[in-house]
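Participant: Please find the sequence and the predicted model below.
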Amino acid sequence: MTYFFSRITNFLIIGFLCVFLSSCSTGVKTADSSPWDTIKFEKQFNTLDIDFIDDNHGFLVGSNRLIMETTDGGKTWEERSLELASEENFRLLDIDFKGEEGWLLGQPSLVMHTYDGGKNWTRLSLGNKLPGQPFLITTIDRDKAELATTAGAIYSTTNSGESWEAKVVDASGSGGVRDLRRTSEGNYVSVSSLGNFFSTLESNSDTWVAHQRASSKRVQSLGFNPSGNLWMLSRGAEIRFNDNTEDLESWSKPIIPILNGYNYLDMGWDPNGDIWAGGGNGTLIVSKDDGQTWSADPIASSLPTNFIKIVFINKNDLQEAKGFILGERGYILRWNG
């Protein structure tokens, strides 16, 4: 009899958990329509970054030396190649243009530069003493750029990469990075490689400042909203916002719109002010009221991919803002909102 009641009790507990988790997973309603168009490439590489020179001309980069070019605003793409030795397999991680001048970086230890909108690329030597691997590059002005590495080191060049000057005294303050972002004003924020703290670097400073994470959950990624305030994505599908740039230890309570076993990997604000958060297994949600309520995108949820980067591009060389969500297995989404 004891065994029987034990079985019944276990059954009820399991049933309760199933109902509870199911209700969490369906607590976010699916929107009636989507502002995204699906693009599926033949090669199932992971897409990692995207940028545009003008409204029509842009480049997309990713794993396994993937580089693709568009001349119709991102509706269609053609694969291109770089003059690299065939035995070198790079993960092309970041690309950035200002006018026709652009920079491209990859891992391990690849930096390339173009003056003519990507028609020709020059490979630059970084030497053997660069701490960490290239992670983020920003085109500042003619011949000028800033390069950040996975060790939290930041270098600047004013002569097209012939020489680089260190901007950080002690890169160890960043804790090594799993995520790193930069504002147009030159402020940086990074997440340590273990996700146990984050660091900030002001544009006029040469020292990283470490900050405690908002909870015991490890930080997945962290970045700036359009106003310059920070947002945080943590394990357990938690979303937090910071509305006080003077107090980076003060965060909102965790928002958990949907609990389906997958973490959010990135977040972005579209030109309408809507907040998008994407993650594993086709998870893509949007909030139209500053994070108070959320709905799921109907197109994204049907795709067998993880959404790893959300990019909205709005700069002087573009007449209209562009938006893309980069995924794995050759999937990307193009914003038509």
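Facilitator: Structure's in. What do you need?

Participant: got a list of what the closest residue to Leu48 other than its chain neighbours touches?
Facilitator: Spatial nearest neighbour of Leu48, excluding adjacent residues (C-beta to C-beta, 6 or more residues apart in numbering): Gly62 at 4.7 Å. Where you see a C-beta, it was placed from the backbone N, CA and C, and this is true even at glycine. Going by C-beta atoms under 8 Å, 6 or more residues apart in numbering, Gly62 touches 45-49, 91-92, 326.

Participant: one more time with 6 Å, if that's ok
Facilitator: Applying C-beta atoms under 6 Å, 6 or more residues apart in numbering to Gly62 gives the contacts 45-48.

Participant: any idea which of these is closest to Ile140?
Facilitator: Checking the contacts of Gly62 against Ile140 by C-beta to C-beta gives Leu48 as the nearest, at 21.7 Å.

Participant: Looks like that closest one contacts Ile95 (just checking).
Facilitator: No: Leu48 lies out of contact with Ile95 (C-beta atoms under 6 Å); the separation is 9.0 Å.

Participant: Pull up the overlap in contacts between these two.
Facilitator: Shared contacts of Leu48 and Ile95 (C-beta under 6 Å, 6+ apart): Val61.

Participant: about what we covered before: show me what the residue nearest to Leu48 bridges to in the sheet.
Facilitator: Beta bridges link Gly62 to Thr47 when assigned by DSSP bridges.

Participant: what's the spacing between it and Ser205?
Facilitator: 33 Å (C-beta to C-beta, to the nearest Å).

Participant: just Glu165 next, same as before
Facilitator: For Glu165, the distance to Ser205 (C-beta to C-beta) stands at 15 Å.

Participant: The two - which one has more neighbours?
Facilitator: Ser205 (15 against 9; other C-beta atoms under 10 Å).

Participant: That one and Asn229: what is the separation?
Facilitator: Ser205 is 19 Å from Asn229, by C-beta to C-beta.

Participant: again with Gly268
Facilitator: In terms of C-beta to C-beta, Gly268 sits 14 Å off from Asn229.

Participant: Look up how far Gln220 lies from Leu265.
Facilitator: For Leu265, the distance to Gln220 - C-beta to C-beta - is 6 Å.

Participant: likewise Trp231?
Facilitator: On the measure of C-beta to C-beta, Trp231 and Gln220 end up 11 Å apart.

Participant: Distance check, Lys75 against Asn46.
Facilitator: 21 Å.

Participant: between these two, who's got more neighbours?
Facilitator: Asn46 (19 against 12).

Participant: quick one: pLDDT of Thr71?
Facilitator: For Thr71, the pLDDT comes out at 98.

Participant: Does it touch Gly58 like I think?
Facilitator: No: using C-beta under 6 Å, Thr71 is not in contact with Gly58; the gap is 8.4 Å.

Participant: what about those two, which has more around it?
Facilitator: Neighbours per residue (other C-beta under 10 Å) separate Thr71 from Gly58, with Gly58 holding more: 26 against 13.

Participant: give me every residue that touches that one.
Facilitator: Counting by C-beta under 6 Å, 6+ apart, Gly58 has contacts 52, 70.

Participant: one more time with 8 Å
Facilitator: Per C-beta under 8 Å, 6+ apart, neighbours of Gly58: 50-52, 69-70, 73-74, 322.

Participant: Please apply the same query to Gly228.
Facilitator: Neighbours of Gly228 in contact, by C-beta under 8 Å, 6+ apart: 183, 185, 187, 245.

Participant: Give me the pLDDT value at the last one.
Facilitator: Meaning Thr245. 83.

Participant: got it, and the third one?
Facilitator: According to the prediction, Asn187 has pLDDT 96.

Participant: hang on, isn't it packed against Thr200?
Facilitator: Yes: when contacts are counted by C-beta atoms under 8 Å, Asn187 is listed as touching Thr200 (7.2 Å).

Participant: quick one on the thing from earlier: please flag which of the contacts of Gly58 sit within helices.
Facilitator: Under the assignment DSSP state H, the contacts of Gly58 contribute nothing to helices.

Participant: Now which of those would you call buried?
Facilitator: 50-52, 69-70, 73-74, 322 (16 or more other C-beta atoms under 10 Å).
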